[in-house]
Structure formats: structure tokens, C-alpha cells
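K.L.:
Generate coordinates for the sequence data below:
(chains A and B)
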Amino acid sequence: MTRAVIFPELLSGREDEDLAQPWIVREGSTNRGAASCDLAARILEVPLDLSEQARVVRAHELMHARVSPHAHHLERALDEVSPRALECAEELRVNTLLGRLDFDVSLLRDGTEKMGGRRLGEAGEWAEALCFMLAVLGTGAEKDYLAGIRLGCPSWLAPLRAVRKRALTVFAQSTHTLARTRFNDEGLPSGYACSTLVLARALSRAMEARVPMVADELRSFRRSLEPGGRRPATGKFAPLVFDESLARRSRPSAASVRVMRPSMTGVAMRYPGRFLTDEHRRAFAQRARRHGGIVVIDQSGSMDLDGESLRTLLRDAPAALVVGYSHRPGDRGATPNVWLLCDRGTVATTWPSGNVGNGVDGPVLHWAIAQRRANEPVVWVTDGQVTDSHDHPDEALTEECATLVRRHRIRLARDLTEATKTIQSNLSTPRSRLANFGRVGHCLLETGAMWSK
Amino acid sequence: MDADEIVGPCWRDFADVLAAGVSRVLLYGPPGTGKTFAALHHGCGSLPAERLVCTEDLTSGEITGTWMPAGAARFEWREGPAIRAWRGADGLGSRLVLDEVDRASGDALATLLAMTDSTASARWRNPETLEWVRPGPEFSVVMTSNIDDLDDVPRPLRDRFPVAIRVDRPHPAAVASLSGDLREPALAGSLGPEQRRVSLRCFYAFDQLRHHHGASRAAQLVFGSEAAQSVLDALAIGAVA
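P.N.:
Residues are numbered from 1 along each chain as shown, chains lettered A, B, ... in the order given. I've put the predicted structure just below:
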């Protein structure tokens, strides 16, 4: 049986660091996922039958070999962009370029798209539904896929169309601009940077967004796709990423931590002079109680960590576990969003500043509760604002935090000075002060929790 | 891109070896990359190089010379290309190019061994004049072969050529006369495995034909009906920007 030949070595025009090297060609098929281009290993897996569809699939993979960036350029974007978004946005660039070279991209379909769309809709896999739509946009599979979505989850069609419109706008640039591989000022292939990366950023935000259900949400979602648009609300916290890089020293300097305390009773008279000078005659010594407890500090933009107050806190409660947190809105795990300032006696030598957003209020409270020993107090230094991973205030997340506060008797403090007093007392946050704690405080007041007067 | 990427490391190596005065070089690798052209023209000064294309039928006479009729009942000795290269102009010696050396038969190979021996050891006696001939000081030999594995070259012959360079792409100078859009593909056309190699000669023919008959017809004529569309697709995608 006659097989087609493919000539990847004849591809020319790359202006990046890609070197002319031989390729390994392996036989794949026209089924989705059965053809690929590995630029680093120079392996091309393509269908080798003589059908017109196989020819377009081969051209698709050749176009990847011609314009797609090397893996290390892709990796640079992964702190802000989902790999799947990047992959699918690149598929769209390749298909767009193929279409402009008059390849029949309507042949890029394998007949599974309608069922695939329906299943994604039924399973509620919004993020994948978005990505896959870009992967098939402009090809023969797009119509079938959207028909499947209509069957599985018709309410997704409007936001999907909004993303589609944005994608077509991004890719309306000239063929020369889209395909260019010369490095830009940031050292990225310029065609990729001005199209794939731009779209993947918007797509990554949209993937994490709560699916817009009403007109207002849809408008907000559309605005979020525009250049400079605010990230859409996600309605969920980001996962915790601990900063493991902080250097620590064993404890605060010994002079600042009081080990023994004068007492009126005892077995050894340590301070005889106090018989004369102390009106309570505390001439005996007693081991000072070392205050412990857990202090959770919101270091978002709305809060400010005062170094002197932190030192005071550590002096008065040297055995405390002090943790700061703040999430960079939209970050995908590259930037730590929680750090241990003091861990039962060891102290961080530097204190990170915040990352603008809250984003992890709930997870960090859960974590603090899990660290609690016996009945030690947990103090949350907060302004009462709770935000999602894109730094949008969220009612459900606020309620979640308020429930944690109520259920685990977490004490609230506006700042570290207040936290120092709070951790040493046995009192919960007075009800009269709850109004000072923003949405969380209001939520607690509304639920009529048991608070001391 | 640095100079190596433009010229290709193999051509850089070849130039360096010649510049250092090494007079025995083996160029091997896929066909159609301009090995023979380079051997004939690079580093051999103004004198034309002598060329021998080795086949199984090559005889010693075609290497060193043979008796030829010269009028009535008279023969004269006509020196072959190897001896002419030994002599060169004014006895200084010139370039001898041995093509497809791996195909030479046993007898011819023995003669080639003698002709390519070191300058100090090599000598040959003219049967007509009984003159002893030695290679001139500027005598050099470049062997070329389309083999991919050096083990295919007879061991004694290989030993006479300490420098072997694999040439996997044409010299940029060799593609200069092609149309601009074909130069880069032509440089990389010989990199793939045998069934995907497109030689420089094919590109020359394609370039010439497409000006008269269009790219599609030219590709059909040069690459064959099975590969024509694939070649055109690769060229179109390569030229996308």
C-alpha cells in the first residue's frame, strides 16, 4: 500500500534558536490526539495515508514544527497561564495559519466532537469545555462541538461565544505577525507572544471563573476577557503554597524572653531584695508561663504588617505559631501565598510582604485549626474581607470563614497589637467589636453567634 | 545565528582542515550536498583539480596512465589523473579528487593506496621514460563517498585519510543561485533519512521548471507524483511568514 511522505526537514523560516536537524517520523492517525509534534525530540507523529484529511493533519503538525515555540518558552508562562490553555490557544494559531494557506481545515474533525461536547457539559467541566472550543475553533469540528454543548449544558453557550469572539479578535492579526518566530524584547517568539500567549492568559482567567449565569455576570465575564480587564470572580479559594525559602533562627534573643517570674510562693528564694522593695513580697521565682497560640495574619494590600508589633508579639508569646498569608490574584502556584513567621520558637529572619490579594483565607484558617494544640487560642488578624483566588469578595467564602470563626472560636484582631493582647487573654472577640471586622463581622452578627458582651 | 549555523559545522571543519595544510581529507555523507564540488574547488588554488570517479570497472591504467597508439606502429605513454595531480604545474603538485572511492575494485584500490600514500613514501616510475615521479609539495587528495558509515571504506585507505568529515548539508555558496525561497529548504533538504532527502540538484531543477510550468507541475516532474504535494506543502508552510 502506498504511503505518503512528509518532508519536515524542508521547513524553513524559523528565526528563533531552532536548529536545522533531521526529524523522526512515526505513523499516527487522523483521530484526535493521534498526531503530534515534539519539537525538542524532533519526532513527528502523523497519519501517512493518502486521504485529504490525513494531508491536512500532516500540515497541521508541520505548522507546529514551523511556528510553535520550544518547551522552555512555554514553561516561562506557566505561573500565570494554564498549560491546557496554552496548548489549545496554540492549536488555534496553527489552525488559523493553515486556513490562511488555503488548507481545508474543515477536514480537521474525527466525529467525536459532538459527543465530547455533550459529555463535558453534563460533567460540568467548564475549563475543559472552554479550552476544547479554542482547539476546534474554525475547523470542521466546531459546529458539532457547540451542538454537543447545547445538549449538555446550554447555559454555557453565551460565555463560550464571548470567548470565541475574543479569540477571533486576537487572531485577526496579519499572517506574518502570527507566524513570526523572531524573539521580542522579552526573549519570546513574537508571533506566539502576541497571539497564543495573550489568548491563553484570557482563557486561563476564564477557566477559573465561575460560570456566568445571569446577565450581569455575563457582562462582567465579557469585560474580563478584554485587554486590561479585571479577572472574573472564581468563587473559590486558591490552594495554599507555603514559602519554604525563608531563613529562620532558633528563637528570639534570650534577653527578650522572660524564663522565670517573681512569685509570692516557691521553694527557692531567688529575689530576697523584693522583701523590701516589692509590696507583694514576691521573693520566690516561678517558671514563667510561655504563651503559645496560633496567629494568622492577613498580609493583603489592605493590611500592613508592623515589624515592631510582631516583635512584641513574639516576645510575649514566644511559643506561638505565627503565619502570614496573601495570594497574588490569578497566580497558579508559582508564588507562595502563606509563610511561617514564627514556628513554636523558631523565627523567620525576613518577613515577606504581601501579594496584594487575600485569596486563601479559608484554607489558611483550616490549616491553622489543624495545627492547634489542646485548647490554645487561634487569633485571626484581619479586616474582615474575604476574597476568592482572583481577589473578588465572595459571599459564600465569607460565610465559610465566619463559620470557621464561630465553630472553632477563632478570635479576631484588627492588628498585631490587638492580637498580642488577645492571645494572652482568655476572652473571645466581644460582640460589640464584631462590626469592626467587615463582611466577616457582619456575617457573624447576622448569625447571632455566642459571643461575650 | 553564528557562522556555524549559517555555513554548517561540516563546511567550517573542511575549511579549517584545508587552512591547516592537511592534504588528505575524506568527505562522506548523503548525496547531493556538494562534496565533489567542494573537493574540486575549495583550497586548490588556481590549478584545476584532477578527478577520478571510482567504479568496479576502474583499472590501474585509468589512475596512473596507459600506453596509447601514437601514429604508425608506435605507442606513447599517456599519464593518468593521479600522476598529473602529483606533478601539477612545475612539479608542485595539485588536487586529486577521488569520487565514490568505496566502489573501487581490488586492483584499482591497490593502485590508489600507492597514489595516496604519504609524500615521503609515494613514488612511481614512468614506463616510457623510466623517470621516477614523486608527489609535488602541494599535492593533496580529497576522497568523497556517499556512505553513511566509515567502516565501509577499506581500512588501509581509511588509514591514509586521518581526517574524515561527514557532510550533511550543502554549502551555502552552492544554493546562492537558487531563488530566495528555496535556499533554506535546499540547505536542509539532505538532513533527513534517505527516503526524505531532496538533493541540491532536485532543487535546481525544480526552481528552473517552476518558472516555466508552475510549482505544481515542476514538483510533479522533479519529485514524482507521490511526493510532489508533500514537498509543496512543506515549502508553503515554511514560507508562511
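K.L.:
longest helix of the chain?
P.N.:
Looking at chain A here, since you left the chain open. Looking across chain A with DSSP state H, the single longest helix is helix A:83-100.
K.L.:
wait, chain B
P.N.:
Of all the segments assigned as helix in chain B under DSSP H, the longest by residue count is helix B:200-223.
K.L.:
List the buried residues for the longest helix of chain A?
P.N.:
Residues of helix A:83-100 classed as buried under the neighbour-count rule (16 or more other CB atoms under 10 Å in any protein chain shown) are A:84-99. (Glycine included, C-beta is placed from N, CA and C.)
K.L.:
who does that helix touch, helix- and strand-wise?
P.N.:
helix A:52-67, helix A:126-136, helix A:175-179, helix A:197-208 (3 or more CB pairs under 8 Å, 6 or more residues apart in numbering or on different chains; DSSP states H and E).
K.L.:
Tabulate those helices (JSON lines), appending mean neighbour count.
P.N.:
Listed next are the helices and strands packed on helix A:83-100 as JSON lines, based on neighbours: other CB atoms under 10 Å in any protein chain shown:
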{"stretch": "helix A:52-67", "mean neighbour count": "23"}
{"stretch": "helix A:126-136", "mean neighbour count": "23"}
{"stretch": "helix A:175-179", "mean neighbour count": "18"}
{"stretch": "helix A:197-208", "mean neighbour count": "24"}
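K.L.:
before we move on, the earlier item: relative to B:Arg87, which of the buried residues of helix A:83-100 is nearest.
P.N.:
For B:Arg87, the nearest member of the buried residues of helix A:83-100 is A:Leu97. The distance, counting by CB to CB, is 60.3 Å.
K.L.:
my guess is that closest one meets A:Thr175, correct?
P.N.:
Yes - counting by CB atoms under 8 Å, A:Leu97 sits close enough to A:Thr175 to count as a contact (6.5 Å).
K.L.:
Tell me where chain B is predicted with low confidence.
P.N.:
Low-confidence segments of chain B (pLDDT under 70): B:1-7.
K.L.:
For the most centrally placed residue in it, give me its contacts.
P.N.:
Residue closest to the mean C-alpha point of chain B, counted by CA atoms, centre = their mean, is B:Thr36 at 2.0 Å. B:Thr36 makes contacts with B:Arg51, B:Val97, B:Asp99, B:Thr144, as judged by CB atoms under 8 Å, 6 or more residues apart in numbering or on different chains.
K.L.:
Excluding sequence neighbours, find me the nearest residue to the third one.
P.N.:
Counting by CB to CB, 6 or more residues apart in numbering or on different chains, the nearest residue to B:Asp99 once its immediate chain neighbours are dropped is B:Val53, at 4.5 Å.
K.L.:
just the first one next, same as before
P.N.:
Counting by CB to CB, 6+ apart, B:Arg51 lies nearest to B:Val97, which is 4.6 Å off, once chain neighbours are set aside.
K.L.:
Quick check: which helices or strands does the helix or strand the one you found falls within pack against?
P.N.:
Remark: B:Val97 resides in strand B:95-99, with elements defined by DSSP states H and E. Taking 3+ CB pairs under 8 Å, 6+ apart as contact, the helices and strands that strand B:95-99 lies on are helix B:35-41, strand B:50-53, helix B:81-87, strand B:140-145.
K.L.:
What residues sit buried inside the next helix or strand after it?
P.N.:
The element immediately downstream of strand B:95-99 (helix or strand, assigned by DSSP H and E) is helix B:106-115. The neighbour-count check on helix B:106-115 (16+ other CB under 10 Å) flags B:Ala108, B:Leu109, B:Thr111, B:Leu112, B:Leu113, B:Ala114, B:Met115 as buried.
K.L.:
unless I'm mixing things up, the third one is touching B:Gly65, no?
P.N.:
No - between B:Thr111 and B:Gly65 no contact is recorded; they are 10.6 Å apart, counting by CB under 8 Å.
K.L.:
In contact with A:His328, which residues?
P.N.:
Actually, residue A:328 is Arg rather than His. In this structure, A:Arg328 makes contact with A:Thr335, A:Asn337, A:Asn355, A:Val356, A:Gly357, A:Gly359, judged by CB under 8 Å, 6+ apart.
K.L.:
I'd like the distance between the third one and chain B.
P.N.:
When you say that, I think you mean A:Asn355. In this structure, A:Asn355 and chain B are 39 Å apart, going by CB to the nearest CB, to the nearest Å.
K.L.:
burial measure for that residue, as a count.
P.N.:
Other residues near A:Asn355 come to 21 when the count uses other CB atoms under 10 Å in any protein chain shown.
K.L.:
Which secondary structure element is home to it?
P.N.:
Here A:Asn355, judged by DSSP H and E, is contained in no helix and no strand.
K.L.:
so what's it scoring on pLDDT?
P.N.:
Reported pLDDT at A:Asn355 in the predicted model: 88.
K.L.:
Run through the residues that contact it.
P.N.:
A:Ser300, A:Ser326, A:His327, A:Arg328, A:Asp331, A:Thr335, A:Asn337.
K.L.:
just checking, B:Pro154 touches B:Leu109?
P.N.:
Yes - the pair B:Pro154 and B:Leu109 qualifies as a contact (CB under 8 Å) at a distance of 6.1 Å.
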